[in-house]
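Asker: Predicted model and sequence below, questions to follow.
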Amino acid sequence: MANSNVKPIPEGMSTVTPHIVCAGALEAIEFYKNAFGAVELARLLMPNGALLHAAIRIGDSCVMLAEENPQWRSFGPKSLNGTPVTLHLYVEDADSFAQKAVDAGAKLIMPVSDAFWGDRYGQVEDPFGHRWSIATHVRDMTADEIRNAIPANMDCGSPS
């Protein structure tokens, strides 16, 4: 039976929390510290020294991560030849944040520019195969304004 004094959602956690898997998860933690200013919250290692589970905080959000483990059918993006998932970051200055990620070793996928929905927006891929979109909201727009801008911006996100 659950303890009624225990919060069902732990302090500092949100309803949806990304839990990413990658080869080189311990190195990924260091990358996220350097590139995104992540703070390590927890680290559990397996007897062989591989990362079983970690939690980091980027801004006000927690991200969990683990080393890929084929025995558990847990694979990272590099083993899967890519990922269909993009992790979205809202930050104070998308341009400098993206540049810091690139300086730390991320690959620039989409340069930061003004997006038709009112954000400065770009994308990077980290050295472990995860995609991150980076945005700063710069202009409030109505749903109609965004919808009307779509036809002229159908190539948004296409490689330049």
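Answerer: Received it, and whenever you're ready, just let me know what you need.
Asker: All the strands of this structure, in order from the start?
Answerer: 19-22, 39-45, 51-58, 61-67, 86-90, 107-114, 119-125, 131-137 (DSSP state E).
Asker: and the shortest one, how far out from the chain's middle?
Answerer: Between the mean C-alpha location of strand 19-22 and the chain-wide mean there is a distance of 10 Å, by CA atoms, centre = their mean, to the nearest Å.
Asker: Residues touching that strand, excluding its own?
Answerer: With CB atoms under 8 Å, 6 or more residues apart in numbering as the test, strand 19-22 has contacts from 28, 63-68, 74-78, 87, 128-130. (Each C-beta comes from the backbone N, C-alpha and C, glycine too.)
Asker: Tell me what the residue positioned nearest the centre of the chain is bridged to.
Answerer: Compute the mean C-alpha point of the chain, and by CA atoms, centre = their mean the closest residue is Leu87, 3.5 Å away. Beta-bridge pairing of Leu87, defined through DSSP bridges, involves Trp132.
Asker: what about the helix ranked longest in the chain, average pLDDT?
Answerer: Longest helix in the chain by number of residues (criterion: DSSP state H): helix 25-36. Mean pLDDT, computed over helix 25-36, is 98.
Asker: just checking, what packs against the helix or strand of the chain with the lowest mean pLDDT?
Answerer: Every helix and strand of the chain was ranked by mean pLDDT, DSSP states H and E. The lowest is helix 143-149, at a mean of 93. Applying 3 or more CB pairs under 8 Å, 6 or more residues apart in numbering; DSSP states H and E, one finds that helix 143-149 contacts no other helix or strand.
Asker: hmm, back to that, list only buried entries from the contacts of strand 19-22.
Answerer: Buried members of those, scored by 16 or more other CB atoms under 10 Å, are 28, 63-68, 76-78, 87, 128-130.
Asker: So, low pLDDT: which residues of this protein?
Answerer: Along the chain, the parts satisfying pLDDT under 70 run over 1-3, 156-160.
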